[in-house]
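J.: Structure for the following, please:
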Amino acid sequence: MLGQPPGDFDNHVRTLSTAGTLEVPAGSPCVICKGSRNLCGKDRCPLMLKFYSHSKTQKLFNSLDLAGMSPPGIFVGRYGYPKVDIGPLVPPIMGDTSLMDTPELWVGKSIDEIMDFRFTLVRGKHRIDAFNFEKSGRIVDYTRDLALSVNPMEVEAKFLKRPSGRLILDDEVQPFGPSARLKDLDIGNPRYDQRVEKAFYDTDLRATEAVRSLYQDGVLISKIQKAFSVGAFGVGKNRRFVPTRWSITAVDDILGKGLLSETKHNPLIEEWRVYDWCQLDNRWSILLMPTSWRYELIEAWYPNTAWNPRGRKVDMISDHEFFNGRKEYAHIGGCYYAARLAVNELLTAERRQAGAVIFREAHPGYIMPVGVWNVRENVREALKVQPRCFETLQQALAHIAGRMDIPMDTWISNSGILKDYLTQRRIDDYV
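T.: Below you'll find the predicted structure:
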């Protein structure tokens, strides 16, 4: 279900031992199925998908030393905060690895492709105090260098034990492979993105201002998120390391609110629009309404999908806000803020204001969570297509109903925005 601990998305899915062999609990249907009979109901066995990706590279992880080109990638954990593990993400390969940690380039990639290159990334771990990281040694400096670097960098990591452990799957962050505690770390000569470097050395610049300025200068959101995570922004005395999971949502929220402060005062669009999109067996319809700002994300998770593995019916969850925004963190999580940012990018480009309701059906082909980027980038792509335009809400909803498997009455019953619009009387009703 939504809200499960990262990676614990099926009682039947099981772990990979450090030797790359399959381990299943007694009584599991996996013991009988062995990935060949689809007894769990999925089109493809998620355990075997992980196993195949892992087994391709497991032989490369049998050493205490690992040399490779980091994309560059880093990860900051959240458990035990402010005492957290930080460190590089390093694949055991040389060459141009930039694709491995640039989610803006992943639209159109299959789950198999994403898992293949993400599971080759080994995470080195070094314990620090996120509030007092300056005293944690050169591993901190090197991790920050990686986060600020513009190109892949050669990294040599020495571990206390050979990399092992659970493969990380989380709906907020991109997946990656095994991990190990660092004994030592060495990197090549970093070359900073000059725009990020300028913000890094400006210790009087507030973090929010740095994030928005870099975005306006064309720096990729994924690059901004990494720099934010290693305490590269903000007033000097307030800088700290931020868990990767939190930094992703923080940057999406900061940017979305910045754009929204402008789009809220723009003239309304003049028609009802629907943008349709499908990727990774996720079906999207994005409804833009000729109203003042209001926003909702509604997700429907089919049985045998990443966050509804054992269910027998579709699970639906939604969050919304009206013109004045919301104070509570969205139950849906980071996806809410990622999609809100994407919508406001379009409205900013058009210098218009609108309400937005995003319909998302996650079908059984979406067997593994791949990170919140999936929502941001696919909503961005959806809003690039030519929309269908309608004169009334009823016409727009009829179109969406023709694309989605779930009846429109069910969508409306799970929607705060649509129920409000359909039931509340307005001044226009009396004209």
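
J.: where does the stretch 1-150 of the chain have low pLDDT?
T.: The stretch 1-150 of the chain contains residues with pLDDT under 70 at 1-39, 41-61.

J.: What are the boundaries of the strands in it?
T.: Secondary structure of the stretch 1-150 of the chain (DSSP state E, counting those that start in this stretch): strands at 15-16, 22-23, 65-70, 73-76, 83-90, 122-129.

J.: among those, which is nearest S413?
T.: Nearest of the strands of the stretch 1-150 of the chain to S413, taken as C-beta to C-beta: strand 15-16 at 38.7 Å. Where C-beta positions appear, they are placed from N, C-alpha and C, glycine not excepted.

J.: re the thing from before, mean neighbour count added to the strands of the stretch 1-150 of the chain, as TSV?
T.: Shown next, in TSV, are the strands of the stretch 1-150 of the chain (neighbours: other C-beta atoms under 10 Å):
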stretch	mean neighbour count
strand 15-16	20
strand 22-23	14
strand 65-70	20
strand 73-76	27
strand 83-90	24
strand 122-129	22
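
J.: what about those strands, which gets the closest to N378?
T.: strand 73-76 (21.5 Å).

J.: sec struct for I358, please.
T.: Under DSSP: H, G, I helix; E, B strand; the rest coil, I358 falls in the strand class.

J.: And S318, by the same measure?
T.: strand.

J.: can you check F228 too?
T.: helix.

J.: returning to what we had before: and the strands of the stretch 1-150 of the chain: which comes nearest G256?
T.: Nearest to G256, of those and by C-beta to C-beta, is strand 73-76 at 21.9 Å.

J.: elements contacting that closest one?
T.: strand 83-90, helix 138-148, helix 221-229, helix 244-263 (3 or more C-beta pairs under 8 Å, 6 or more residues apart in numbering; DSSP states H and E).

J.: In CSV: the strands of the stretch 1-150 of the chain, plus distance to H265.
T.: As requested, these are exported to CSV (distance: least, C-beta to C-beta, whole Å):
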stretch, distance to H265
strand 15-16, 52
strand 22-23, 57
strand 65-70, 43
strand 73-76, 36
strand 83-90, 40
strand 122-129, 43
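
J.: and S285, which of those is closest to it?
T.: Nearest of the strands of the stretch 1-150 of the chain to S285, taken as C-beta to C-beta: strand 73-76 at 33.3 Å.

J.: now what about the closest one, what contacts it?
T.: With contacts defined as C-beta atoms under 8 Å, 6 or more residues apart in numbering, strand 73-76 is touched by 84-90, 100-101, 121, 123, 130, 143, 146-147, 173, 176, 226, 229-230, 241-244, 247.

J.: Any idea how far that strand is from the middle of the chain?
T.: Counting by C-alpha atoms, centre = their mean, to the nearest Å, strand 73-76 is centred 14 Å from the centre of its parent chain.

J.: Stretch 95-106 too?
T.: Offset of stretch 95-106 from its chain centre (C-alpha atoms, centre = their mean): 15 Å.

J.: Show me which positions of that stretch end up buried.
T.: Across stretch 95-106, burial judged by 16 or more other C-beta atoms under 10 Å covers 97-98, 100-103, 106.

J.: Put the alpha carbons of that stretch into PDB.
T.: Extracted in PDB, the C-alpha atoms of stretch 95-106 (Å, rounded to 0.1, in the frame of the first residue of the first chain):
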ATOM      1  CA  GLY A  95      33.000   6.000 -19.600                       C
ATOM      2  CA  ASP A  96      30.100   8.400 -19.800                       C
ATOM      3  CA  THR A  97      27.700   7.400 -17.100                       C
ATOM      4  CA  SER A  98      25.800  10.700 -16.900                       C
ATOM      5  CA  LEU A  99      22.500   9.000 -18.000                       C
ATOM      6  CA  MET A 100      22.500   6.900 -14.800                       C
ATOM      7  CA  ASP A 101      21.700   9.900 -12.500                       C
ATOM      8  CA  THR A 102      19.900  12.300 -14.900                       C
ATOM      9  CA  PRO A 103      16.200  11.400 -14.700                       C
ATOM     10  CA  GLU A 104      15.300  14.200 -17.100                       C
ATOM     11  CA  LEU A 105      16.600  11.800 -19.800                       C
ATOM     12  CA  TRP A 106      14.700   8.700 -18.700                       C
END
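
J.: can you tell me which of the strands of the stretch 1-150 of the chain comes nearest to R191?
T.: Using C-beta to C-beta, the nearest of those to R191 is strand 65-70, at 13.1 Å.

J.: Quick check: can you name the pairing partners of that closest one and their directions?
T.: Partners of strand 65-70 in the sheet, by DSSP bridges, are strand 153-159 (antiparallel).

J.: The next helix-or-strand element following the strand it pairs with: how far from the chain's middle?
T.: Of the helices and strands lying after strand 153-159 in sequence (DSSP states H and E), the nearest is strand 179-187. Its chain's C-alpha centre and that of strand 179-187 lie 26 Å apart, by C-alpha atoms, centre = their mean.
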